[in-house]
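>>> Pasted the sequence and its predicted model underneath.
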Amino acid sequence: MKVPFGDLSRQYKKYKKEFDSIISGVFEKGSFILGENVTRFESPMIRNAPDNLSFLEIF
């Protein structure tokens, strides 16, 4: 059975301005690792994780 590969070009075109703005901000600040965008992405997952789940198990 052939499984079609996902074409993300439609989604990219829909959100192009937002993606490009975020990406250029990362490049301008040079915050590739552990920057504010990573924190903003990870924080809700960590806040909503059960107390007995360690950080490494979340990711």
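Received it, and whenever you're ready, just let me know what you need.

>>> hey, let's count contacts and neighbours off CA atoms from now on
Fine.

>>> Okay, helices next: where are they in the chain?
In the chain, the segments counted as helices under DSSP state H are 9-14, 16-29, 36-47, 55-58.

>>> Can you tell me which of those is nearest to Lys2?
Nearest to Lys2 among these is helix 9-14; the distance by Cα to Cα comes to 20.5 Å.

>>> Quick one: distance of that closest one to the chain centre.
Centre-to-centre, helix 9-14 and its host chain are 16 Å apart (Cα atoms, centre = their mean, to the nearest Å).

>>> circling back to that earlier point, which of the helices of the chain sits closest to Val3?
If you check each of the helices of the chain against Val3 by Cα to Cα, helix 9-14 wins as the nearest, at 17.8 Å.

>>> would you put the C-alpha positions of that closest one in PDB?
C-alpha atoms of helix 9-14 as PDB (Å, rounded to 0.1, in the frame of the first residue of the first chain):
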ATOM      1  CA  SER A   9       3.100  23.700   1.300                       C
ATOM      2  CA  ARG A  10      -0.600  24.600   1.700                       C
ATOM      3  CA  GLN A  11      -0.300  25.100   5.500                       C
ATOM      4  CA  TYR A  12       2.900  27.000   5.000                       C
ATOM      5  CA  LYS A  13       1.300  29.400   2.500                       C
ATOM      6  CA  LYS A  14      -1.700  29.900   4.900                       C
END
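
>>> Relative to Val26, how far out is the residue nearest in space to the middle of the chain?
In the chain, the residue lying closest to the centroid (Cα atoms, centre = their mean) is Phe41, at 6.0 Å. Distance from Phe41 to Val26, counting by Cα to Cα, to the nearest Å: 14 Å.

>>> so which of the helices of the chain gets nearest Met1?
Nearest of those to Met1, taken as Cα to Cα: helix 9-14 at 24.0 Å.

>>> Give me the helices and strands touching that closest one, please.
With contacts taken as 3 or more Cα pairs under 8 Å, 6 or more residues apart in numbering; DSSP states H and E, helix 9-14 sits against no other helix or strand.
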